[in-house]
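*Asks:* structure for this input, please:
(chains A and B)
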Amino acid sequence: MTTLKTETFNLNMGPHHPSTHGVFQLKLTLDGETIVDVEPVVGYLHRNHEKIGEKNNWIQNTPFTDRLDYISPMNNEFAYVLAVEKLAGIEPPERAKYIRIIMVELNRIVNHLIAVGFLLNELGCFFTPMFYCLRWREMVVDLFEMTCGSRMMPNYFWIGGVSADLPEGFLPECKQLVSAFPGFLDELERLVTENEILQMRCKNVGVLPPEVATAFGCTGPLLRGSGVPYDVRRAEPYSIYDRFDFDIPVGTVGDVYDRYLVRIAEARQSVKIVEQALKDLPGGETATPKKKRFRPPEGDIYHRTEAPKGELGFYLVSDGSENPYRYRIRVPSFVNLQALPHMCRGHKIADVVVVIGSIDITMGEVDR
Amino acid sequence: MTDRETFDRLAARFPAFELEFVEGTDPAVLVKGENLLELAQHMRDEEKYDFCSSVTAVDYPDRVELVYHLYSMTNEGGPAILKVHCNKEDPIAPSVVSIWTGANWHEREVWDLMGVRFDGHPDLRRILLWEGYEGHPLRKDFPGSEDEYIFS
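*Replies:* Purely as a prediction, here's the structure:
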């Protein structure tokens, strides 16, 4: 019997593609329809964030960080402001600390809803579950707009507190949202979690073993889906997270389905944190007095937080002047994306799209 | 910060490396480039720092400084911060990709934006900027860095 001579061929999933979550290129090496290798090419959205950060002064960088991960901007501002406060030794007032936690956890819920919605988009269920999620995101961004005037680029945090106190209608609306939210998650789960198509396309797809995830430096739901219970809020508690009672959901197999379940469970835990923060919210001022020229002492600092996508850290070097000497952002999506080739080998092209959806990347972050 | 205990342990284990303790808000361990790989291997295997959170570089007037932030997922410990000084004309350092696979893209980014070459990196090419770009933008002497903006 003669053997058939076959060759692999290269396919380009170009930067403009509806399923790549932004401008992101994949060079696929295929054997028929099976993936032999994947090479991600990033840099199409590089906006020179770190160099511009050095020209801005310390206060101007706070709204600039909104543009990194534009799905969860409160988390970016939080991470930056905490790093600067640690460097300068500033302690915000108690009320500001609780308000920050409320905003950050609400943003975590928004991020996970969008991640789940887009995952279902990629599976072909075009936009119906996404609209369920977006309907609830609207309620959260309405709260943001009420507080700081903007839905997506809040520019809300200050070095030393928050820029404005919660307005009149915020607390009742937030309490109502938080009490209705678990019911919505139950509704979404009833529709989606036991769905046969979701299970067939997501179970055992894109498996990432825990040792590989640790070696790559993956963090966030990607790591926790593989079974490693590592969360920066527990490992190195920052701000007032040690006062709240919440669980860290962990997966078992490390496939796309586990990451989806971990995100839904984390959204439930975030609701728990917001409830506790609303209950314990103290009175008082919301910011330390603001200086016109802010000059932190010389030195360098690395401060990390648990953003919805993983570990977000800021490495700041100060030379005592008004501008940062070095402004470096350790971004979770950039590091998590390195695990993509490992997760895709041996699967089909359609699975690549699903795996990217499950890593949950935002190109604004990856490329800065 | 790297605590004093960790530093003392490392200095006792590797007296020939002449490790220095860098003081500051975030104390660090200063190690020479040629000893980095052995120290990194020890950090991962004996001290259990299995998570390399970030590899970055800073362009100072007299040197280019590489900063490694290491954490431990096994015992939720850390950080341990390693610093390496390279000279400015031709900065080169050994690559730690063989020890922490996740340092791959971090090192590519440092090469791309700062111009530090990593010996032993499997695929050292530009990652954020396009192939054929000249220069390393995050350097302080990159043309255009001297523009001053006046804010009142």
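*Asks:* for the closest residue to chain A within chain B, give its distance to residue B:44.
*Replies:* Proximity of chain B to chain A (Cβ to the nearest Cβ) peaks at residue B:102, 3.0 Å away. (Each C-beta comes from the backbone N, C-alpha and C, glycine too.) Look at residue B:102 and residue B:44: by Cβ to Cβ, to the nearest Å, they are 12 Å apart.
*Asks:* which of these two has more neighbours?
*Replies:* Neighbour totals were compared for residue B:102 and residue B:44, and residue B:102 leads with 25 against 19 (other Cβ atoms under 10 Å in any protein chain shown).
*Asks:* torsion angles phi and psi at that one?
*Replies:* Taking degrees, to the nearest 10, you get phi -70, psi -10 for the backbone angles of residue B:102.
*Asks:* what's the answer for residue B:83, then?
*Replies:* With angles defined as degrees, to the nearest 10, residue B:83 sits at phi -130, psi 140.
*Asks:* next, the contact list for it, please.
*Replies:* By Cβ atoms under 8 Å, 6 or more residues apart in numbering or on different chains, residue B:83 lies in contact with B:22, B:28, B:29, B:30, B:31, B:65, B:66, B:67, B:68.
*Asks:* could you measure the residue of chain B closest to chain A against residue A:162, distance?
*Replies:* The spacing between residue B:102 and residue A:162, counted by Cβ to Cβ, is 34 Å.
*Asks:* one more: residue A:6?
*Replies:* According to Cβ to Cβ, residue A:6 stands 61 Å off from residue A:162.
*Asks:* residue B:18 too?
*Replies:* Distance, residue B:18 to residue A:162, using Cβ to Cβ: 47 Å.
*Asks:* now do residue A:326
*Replies:* Taking Cβ to Cβ as the measure, residue A:326 falls 27 Å from residue A:162.
*Asks:* kindly report the same for residue A:136.
*Replies:* Distance of residue A:136 to residue A:162, computed by Cβ to Cβ: 24 Å.
*Asks:* show me which of the two is the more surrounded one.
*Replies:* Comparing residue A:136 with residue A:162 by other Cβ under 10 Å, the one with more neighbours is residue A:162, at 24 against 19.
*Asks:* show me what contacts the more buried one?
*Replies:* By Cβ under 8 Å, 6+ apart, the neighbours of residue A:162 are A:92, A:96, A:99, A:100, A:103, A:156, A:286, A:287.
*Asks:* pretty sure the third one sits against residue A:286.
*Replies:* Think residue A:99. Yes: counting by Cβ atoms under 8 Å, residue A:286 is a contact partner of residue A:99 at 6.6 Å.
*Asks:* who has more neighbours out of those two?
*Replies:* Neighbour count, other Cβ under 10 Å: between residue A:99 and residue A:286, residue A:99 has more, with 24 against 21.
*Asks:* can you get me a residue count around the closest residue to residue B:111 other than its chain neighbours?
*Replies:* In space, and not counting its chain neighbours, residue B:111 is closest to residue B:124: 5.4 Å by Cβ to Cβ, 6 or more residues apart in numbering or on different chains. Residue B:124: 19 surrounding residues under other Cβ under 10 Å.
*Asks:* for the residue in chain A positioned nearest to chain B, what are phi and psi?
*Replies:* Here chain A gets closest to chain B at one residue, residue A:217, 3.0 Å apart by Cβ to the nearest Cβ. Backbone dihedrals for residue A:217, given as degrees, to the nearest 10, come out at phi 80, psi 20.
*Asks:* so where is the chain shaky, pLDDT-wise?
*Replies:* Answering for chain A, as no chain was given. A:1-2 (pLDDT under 70).
*Asks:* should've been chain B
*Replies:* Along chain B, segments meeting pLDDT under 70 span B:1-2, B:144-152.
*Asks:* mind doing that once more with 90?
*Replies:* Low-confidence segments of chain B (pLDDT under 90): B:1-52, B:60-63, B:72-81, B:86-92, B:101-102, B:114-115, B:119-152.
*Asks:* which residues in it form helices?
*Replies:* B:4-13, B:36-45, B:103-114 (DSSP state H).
*Asks:* which other helices and strands does the last one contact?
*Replies:* In terms of contacts (3 or more Cβ pairs under 8 Å, 6 or more residues apart in numbering or on different chains; DSSP states H and E), helix B:103-114 is packed against helix A:332-336, strand B:51-59, strand B:117-119.
*Asks:* tell me the buried residues in the helix or strand containing residue A:271?
*Replies:* In this assignment (DSSP states H and E), residue A:271 forms part of helix A:256-279. By neighbour count with 16 or more other Cβ atoms under 10 Å in any protein chain shown, helix A:256-279 contains the buried residues A:256-278.
*Asks:* hey, what's the angle from the longest helix seen in chain A to helix A:256-279? Just curious.
*Replies:* For chain A, the helix with the greatest residue count under DSSP H is helix A:94-122. Interaxial angle of helix A:94-122 relative to helix A:256-279 (axes from the mean of the first three to the mean of the last three Cα atoms, to 10 degrees): 150 degrees.
*Asks:* quick one: distance of helix A:94-122 to the chain centre.
*Replies:* Distance of helix A:94-122 from its chain centroid, counting by Cα atoms, centre = their mean, to the nearest Å, is 8 Å.
*Asks:* packing partners for it?
*Replies:* With contacts taken as 3+ Cβ pairs under 8 Å, 6+ apart, helix A:94-122 sits against helix A:73-88, helix A:128-148, strand A:161-162, helix A:170-192, helix A:256-279, helix A:349-359.
*Asks:* returning to what we had before: quick check: which of the contacts of residue B:83 are also close to chain A?
*Replies:* Among those, the ones lying near chain A by Cβ under 8 Å from any Cβ of the partner chain are residue B:67.
*Asks:* for residue A:255, see how far away residue A:347 is.
*Replies:* Where residue A:255 is concerned, residue A:347 sits at a distance of 11 Å (Cβ to Cβ).
*Asks:* any buried residues in stretch A:338-345, and which?
*Replies:* The neighbour-count check on stretch A:338-345 (16+ other Cβ under 10 Å) flags A:338, A:339, A:340, A:342, A:343, A:344 as buried.
*Asks:* dump the C-alpha coordinates for it into CSV.
*Replies:* Listed next in CSV are the C-alpha coordinates belonging to stretch A:338-345 (Å, rounded to 0.1, in the frame of the first residue of the first chain):
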residue,chain,number,x,y,z
GLN,A,338,1.7,32.5,26.4
ALA,A,339,-0.2,29.4,27.4
LEU,A,340,-2.4,29.5,24.2
PRO,A,341,-0.2,27.3,22.0
HIS,A,342,0.0,24.7,24.7
MET,A,343,-3.8,24.6,25.0
CYS,A,344,-4.5,24.5,21.3
ARG,A,345,-2.3,21.8,19.9
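*Asks:* right, quick check: that stretch against chain B, any contact?
*Replies:* Yes: for stretch A:338-345 and chain B, the contact criterion (Cβ under 8 Å from any Cβ) is met by residue A:338.
*Asks:* and that stretch, how far out from the chain's middle?
*Replies:* Distance of stretch A:338-345 from the chain centroid (Cα atoms, centre = their mean) equals 20 Å.
*Asks:* contact distance from chain A - what residues of chain B qualify?
*Replies:* Counting by Cβ under 8 Å from any Cβ, chain B sits next to chain A at B:24-26, B:50-54, B:56, B:58-59, B:67, B:69, B:71, B:73, B:76, B:78-79, B:81, B:100-106, B:109, B:113, B:126-130, B:137-138, B:145, B:147, B:149, B:151.
*Asks:* now, of those residues, which are buried?
*Replies:* The buried subset of the residues of chain B next to chain A - by 16+ other Cβ under 10 Å - is B:25-26, B:50-54, B:56, B:58-59, B:67, B:69, B:71, B:73, B:78-79, B:81, B:100-106, B:109, B:113, B:126-129, B:137-138.
*Asks:* residue B:68 against residue B:79, yeah?
*Replies:* No: with contact defined as Cβ under 8 Å, residue B:68 does not count as touching residue B:79 (9.7 Å).
*Asks:* from the opening residue of stretch A:152-163 to its closing one, how far?
*Replies:* One end of stretch A:152-163 to the other measures 16 Å (Cα to Cα, to the nearest Å).
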